[in-house]
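J.: no sequence for this one, just the structure:
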């Protein structure tokens, strides 16, 4: 699992009433505490924020998108510039996805064959290809600390036969990615698929757990299915992945969704929600979302959230932030995104604390009063 | 001129070979050195930058637009929030324009009568009015340190008769604004008009210099006329305004234009160019403009400009900045704007230094090698 001794995960404490746990992941570029929320830096930039501002929210690891960076500027450029850490001036851990999800969600005319996928770039229409070897090479060139295996994200809904075929392809591809494991302290995570078919998810977990991956992720959830089904899959698989591995739910989520994943033993999360909300003027708070465009904030001199240490709350009124958002000033995006990421990291800090003092479920229920699970 | 003793200008040194001079302007919110470049915070935000980032470029005073803030969020909101300084978290001096220029350039269906101008908001089409009393009240409510008198910006080209009529109106309006001078240490500057008619400019300067304004601005230049004509007007009027007053050229300009104004005795400048260039990926340097979208920078690991202390140059390559601009990432705008404002302030620092050691014209000629006057 940990060929060079550099990548590792240690579970440090466990909740008594749920499967929630705290831990620490070590990588070539430092460690991060779990449960961890990873801000998304799609194109080698967390939208609207300097890396030092991202760090000041308490973020310890960020995610970058292989698909986007492959298309622009291209991994050759990033490699030539010394890798992602140097390119974007982020010295902490970086996780890259495999590009499979974006091929599925963003590109036109994708054609899947047994050995990979051919697609048209959503930027310039040029023909591109991803397969296990290419996806690994791109991520290695980017200099990722945590590399994701190459999978096919099956759509929802999907019929049983197609799901089985997709899963077989995913398993063959993922097994192949292990041939390209850098074995230099960088980690390679498997992605468990299977839609909401319980037996397929179980089969996928069993198959992948037999292979020497460094961590295990849940893919293909929160893409339209009922949340009870998502949670059932997370509960099932969370219980199957041994405690010595970090467990990562991809693309999740809202505050309550994350806590409900944590309750089922999951450790790592990423989502564009905090920065997307920032762009749209929705501030995230312990009392739920706050639409800053609301006319009620026009003369409101209070900060978004009392006690928050973010750039917005320490110096600006809701009135000013509302003005920036309404006037489409870029600074509004920066300030509200910084608040939202700070909020997410406060949420994770309190989550870890509540696990340590066994008050996790009470904390989860407190959040559930203000945040609904389905967005 | 300086009713409360708070606002003031002191000339501290003069070039031997030109009319260039250094000085210091004191206001209720601190002082700034001249020649001074004022970043434009149109809607109470210098686009894409936090106030502390604006300050870190060496900027000592910023400008905000009366027209924009009157329409949105409205001066009542800003006043209720404690004034512009508190609203936008900028503790240094703020100059506001009078709104006249934007009425002329942005709004539809403006109708000028003898006492003011009625126009439609470019945001929601609502009917608005500006006149000397209203323009003064808005700026007082905003809490501006340097208030601009209410003028009519005559278009270019304009026939002689219309120019005379416009100038008569401007003079009547400006005289009226003095009735609303706050007399509390805030300054009120006159705006000298007259197009490129030498005798009208002279007449305008003579008329306004007789009135108790605290400083004198040049309006209605750089709006399409030949640069030689602009400079002739600046030379004429620069020589007429006594040395105890700060002299301000509105809406100027490029590096060389500013230096050519400085050579004619002008002290204060504002322009959206550094942030607009930032948005479009054009970096400003001592060796001229640099279009970061240029493919030649794709693999360029050097900073925009060696030795520059801005956020971009201290941590990012041209390659990364090019990527951000091409990928339309907001951070590109922030970083290049921070560079451009830092460049402008370095330019002003070197200008002041060159005036002090009598090498100003040599410095001006050095800049002229890389920057042309007409944009």
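T.: Cool, the structure landed. Remember, predicted model here, so these are calculated numbers, not experimental data. Residues are numbered from 1 along each chain as shown, chains lettered A, B, ... in the order given.
J.: how would you label residue A:95: helix, strand or coil?
T.: Of the three states, residue A:95 takes strand according to DSSP: H, G, I helix; E, B strand; the rest coil.
J.: Give me the local confidence score for residue A:345.
T.: Here, the pLDDT recorded for residue A:345 equals 98.
J.: Got the phi and psi for it?
T.: The phi and psi torsions at residue A:345 (degrees, to the nearest 10) take the values phi -70, psi -30.
J.: Can you tell me the closest non-neighbouring residue to it?
T.: residue A:58 (3.4 Å; C-beta to C-beta, 6 or more residues apart in numbering or on different chains). Every C-beta, even on glycine, is put in place using the N, C-alpha and C of the backbone.
J.: The one you found and residue A:346 touch, don't they?
T.: Yes - contact criterion C-beta atoms under 8 Å: residue A:58 and residue A:346 qualify, at 7.3 Å.
J.: Which one's more surrounded, those two?
T.: Per other C-beta atoms under 10 Å in any protein chain shown, whichever of residue A:58 and residue A:346 has more neighbours is residue A:346, with 20 against 17.
J.: residue contacts, the residue of chain A positioned farthest from its centre?
T.: What lies farthest from the middle of chain A is residue A:299; by C-alpha atoms, centre = their mean that is 36.4 Å. Residue A:299 makes contact with A:319, B:77, B:80-81, according to C-beta atoms under 8 Å, 6 or more residues apart in numbering or on different chains.
J.: at 10 Å instead, please
T.: A:317-319, A:322, B:73, B:76-77, B:80-81 (C-beta atoms under 10 Å, 6 or more residues apart in numbering or on different chains).
J.: Out of the residues you listed, the closest to residue B:228 would be?
T.: Of all these, residue B:228 sits closest to residue B:73, with 41.8 Å by C-beta to C-beta.
J.: Now the closest one: closest residue in space that isn't a chain neighbour?
T.: Setting aside the residues directly before and after it, residue B:73 is nearest to residue A:323 in space (C-beta to C-beta, 6+ apart), at 4.4 Å.
J.: now that neighbour, what's its secondary structure?
T.: Going by three-state DSSP: residue A:323 is helix.
J.: Helices along the stretch 51-200 of chain A, start to end?
T.: Using DSSP state H, counting those that start in this stretch, the helices of the stretch 51-200 of chain A run over A:51-56, A:66-71, A:75-80, A:84-88, A:100-106, A:132-142, A:160-177, A:198-209.
J.: Quick one: these as TSV, columns for distance to residue B:254 and mean pLDDT too.
T.: Listed next are the helices of the stretch 51-200 of chain A as TSV, based on distance: least, C-beta to C-beta, whole Å; pLDDT from 0 to 100:
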stretch	distance to residue B:254	mean pLDDT
helix A:51-56	31	98
helix A:66-71	36	95
helix A:75-80	32	98
helix A:84-88	32	98
helix A:100-106	41	81
helix A:132-142	40	98
helix A:160-177	54	97
helix A:198-209	61	98
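J.: returning to that earlier point: which among the contacts of residue A:299 count as buried?
T.: A:317-319, A:322, B:73, B:77, B:80-81 (16 or more other C-beta atoms under 10 Å in any protein chain shown).
J.: Include distance to residue A:42 when you put those into CSV, please.
T.: Formatted as CSV, these follow (distance: C-beta to C-beta, whole Å):
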residue, distance to residue A:42
A:317, 30
A:318, 28
A:319, 31
A:322, 27
B:73, 32
B:77, 35
B:80, 39
B:81, 35
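J.: sorry, back to before: any common contacting residues for residue A:58 and residue A:346?
T.: A:309-310.
J.: what two of the contacts of residue A:299 have the greatest distance between them?
T.: A:318 and B:76 (16.4 Å).
J.: quick one: residue A:370 from chain B, how far?
T.: For residue A:370, the distance to chain B (C-beta to the nearest C-beta, to the nearest Å) stands at 27 Å.
J.: That residue: neighbour count?
T.: 13.
J.: can you list the residues of the stretch 51-200 of chain A near chain B?
T.: Residues of the stretch 51-200 of chain A lying close to chain B (C-beta under 10 Å from any C-beta of the partner chain) are A:51-53, A:68-69, A:71-74, A:76-78, A:80-82, A:86-89, A:123.
J.: make it 6 Å
T.: A:72-73, A:80-81, A:87, A:89 (C-beta under 6 Å from any C-beta of the partner chain).
J.: JSON lines please, covering those residues and showing distance to residue B:203.
T.: Formatted as JSON lines, these follow (distance: C-beta to C-beta, whole Å):
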{"residue": "A:72", "distance to residue B:203": "58"}
{"residue": "A:73", "distance to residue B:203": "58"}
{"residue": "A:80", "distance to residue B:203": "63"}
{"residue": "A:81", "distance to residue B:203": "60"}
{"residue": "A:87", "distance to residue B:203": "59"}
{"residue": "A:89", "distance to residue B:203": "57"}
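J.: Near the closest residue to residue A:315 other than its chain neighbours, how many other residues are there?
T.: Nearest in space to residue A:315, with sequence neighbours left out and distances taken as C-beta to C-beta, 6+ apart, is residue B:89 at 4.7 Å. Neighbour count of residue B:89, defined by other C-beta under 10 Å: 18.
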